[in-house]
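# Mind looking at a prediction? Sequence and model below.
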Amino acid sequence: MQSFDTNDAHAPDGETGSQKITVCRVEELPSGSCRTIDLSDRRELALYNVHGEFYATDNFCPHKGAPLAAGNLCDYVIECDWHGWEFDVRTGECLTVPEKIETYEVLVENGWIQVFL
């Protein structure tokens, strides 16, 4: 895991209130995999590669707080490793119960994966 100082993040051109953090190189996250991104404010994100498309969500399942990046990623669905709740990584919608997790915009620029907070 790698930590990122959200104080060093910056807003994208023309936007206010958003922070952009660079998290890793594209080749560091193979297709079908996910990883945890630690933020300096004690939050964690889960970063996913689905067939070359990158998505980011909060890392904790709202049910019991399990780390979603440790779960099973199958296409656009991450399954919580503890109790099987499933979430669409594109929207944050839970496919199991009426819950939702936060999603974040992801940009790939010059081979770097960046997330807007």
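That came through, no problem. Numbers count the residues shown, from 1 in each chain.
# which ones are touching the residue nearest the centre of the chain?
Taking C-alpha atoms, centre = their mean as the criterion, Ala56 is the residue nearest the geometric centre of the chain, at 2.2 Å. By C-beta atoms under 8 Å, 6 or more residues apart in numbering, the contact set of Ala56 is 37, 45-48, 103-106, 115. C-betas here are computed from N, CA, C, even on glycine.
# Swap in 6 Å and give it another go.
For Ala56, the contact set (C-beta atoms under 6 Å, 6 or more residues apart in numbering) comprises 45, 47, 104, 106, 115.
# Looking at the residues you listed, state which has the most neighbours.
Neighbour tally across these (other C-beta atoms under 10 Å): the maximum, 26 neighbours, falls on Leu45.
# State the next helix or strand along the chain beyond the helix or strand where it lies.
Per DSSP states H and E, Leu45 falls inside strand 44-50. Using DSSP H and E, the helix or strand that follows strand 44-50 in sequence is strand 53-58.
# Where does the prediction get shaky in this structure?
1-17 (pLDDT under 70).
# That one: strands as residue ranges?
Using DSSP state E, the strands of the chain run over residues 2-4, 20-25, 34-39, 44-50, 53-58, 72-74, 77-79, 86-88, 103-104, 106-109, 112-116.
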